[in-house]
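*Asks:* No letters, just coordinates:
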């Protein structure tokens, strides 16, 4: 947990995103100051990953704005948008490593793509980053298929840190991992926050992750389940506040209680 600058680094202003006739995000207003770790939770299909992709301009708003460091991403040309994206690190859900490249080549890829270091500097940076995420130098020549799921996730994190990003985006960082390795990843998110001056935005279903790493938790709700004119963000507060909220939708999600949803499904079949 870190002190934060009150000025927003990432900001969504009345953000709405539609794909065809389907509205995925509607009227999202969210500001993230520098240095904060924000965890986004919510049911599958509520738009969490789309929100994450909108932050780096991979998905454009249907209406509203996404601002990064005061700049409206939708107004940037492709070259300027590419430059802004180098200020982000993205840890993908399945690590998204290049199968044909070695571990060292995967971690070095952003550095070589942007030509920022000599070969010797690249090798030293790769060695340092792998050590930072708890991986031995002996794996540098291995391919992703030779690694466990947890190791691939850590290589993905090392690659995300290669350009010293200001913001790190995590898409379901513990999905598919056992409880021990999930906690290792949670610990690495925390240690990354301490070792680097980064702002972190984490999408997850894992309440252990939310409780352990978050300064702030934001919960989205599926649009189809909202009343007319009801905001899609139904919780925005501290991890401790999750336990005190009176909103049953939040408490049911946090506790994993499916009783009401099962009753709805049974009623729909009748």
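*Replies:* Arrived safely, thanks for sending. The shown structure was predicted, so the numbers you read here are calculated from the model rather than taken from an experiment. Numbering: from 1, shown residues only.

*Asks:* helix or strand right after the helix or strand harbouring residue 152?
*Replies:* Assigned by DSSP states H and E, residue 152 belongs to helix 149-160. For helix 149-160, the following helix or strand on the C-terminal side (DSSP H and E) is strand 167-171.

*Asks:* Excluding its own residues, what touches that following strand? List them.
*Replies:* Contact with strand 167-171 is made by 9-10, 49, 52, 55-56, 68, 87-93, 160-161, 189, 192, 198-204, as judged by C-beta atoms under 8 Å, 6 or more residues apart in numbering. C-beta coordinates here come from the backbone N, C-alpha and C atoms, glycine included.

*Asks:* Name the residues of the helix holding residue 152 that come out as buried.
*Replies:* Neighbour counts over helix 149-160 (16 or more other C-beta atoms under 10 Å) mark 150-160 as buried.

*Asks:* Run the chain-centre distance for it.
*Replies:* Its chain's C-alpha centre and that of helix 149-160 lie 14 Å apart, by C-alpha atoms, centre = their mean, to the nearest Å.

*Asks:* Also stretch 19-38?
*Replies:* The answer for stretch 19-38 is 12 Å, by C-alpha atoms, centre = their mean.

*Asks:* Between the two ends of it, how far is it?
*Replies:* 26 Å (C-alpha to C-alpha, to the nearest Å).

*Asks:* rewinding a little: the helix holding residue 152 packs against which elements?
*Replies:* Applying 3 or more C-beta pairs under 8 Å, 6 or more residues apart in numbering; DSSP states H and E, we find helix 149-160 packed against strand 88-91, helix 103-114, helix 119-132, helix 179-195.

*Asks:* thinking again about what came up before, buried subset of the contacts of strand 167-171 as a ChimeraX selection?
*Replies:* Buried subset of the contacts of strand 167-171, written as a ChimeraX selection, criterion 16+ other C-beta under 10 Å:
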select :9,10,49,52,55,56,68,88,89,90,91,92,93,160,161,189,192,198,199,200,201,202,203,204
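
*Asks:* what about the strands in the chain?
*Replies:* Here the chain has its strands, by DSSP state E, at 8-19, 22-33, 37-41, 63-68, 71-72, 88-91, 167-171, 199-203, 216-220, 233-237.

*Asks:* The closest residue to residue 141 other than its chain neighbours: neighbour count?
*Replies:* The shortest distance from residue 141 to any non-neighbouring residue, by C-beta to C-beta, 6 or more residues apart in numbering, is to residue 102 (5.3 Å). Neighbourhood size, residue 102 [other C-beta atoms under 10 Å]: 17.

*Asks:* Ok, the one 3 residues further on next?
*Replies:* Other residues within reach of residue 105 by the criterion other C-beta under 10 Å amount to 17.

*Asks:* can you tell me which of the strands of the chain the model trusts least?
*Replies:* For the strands of the chain, mean pLDDT drops lowest on strand 88-91, to a mean of 92.

*Asks:* That'll do, ta.
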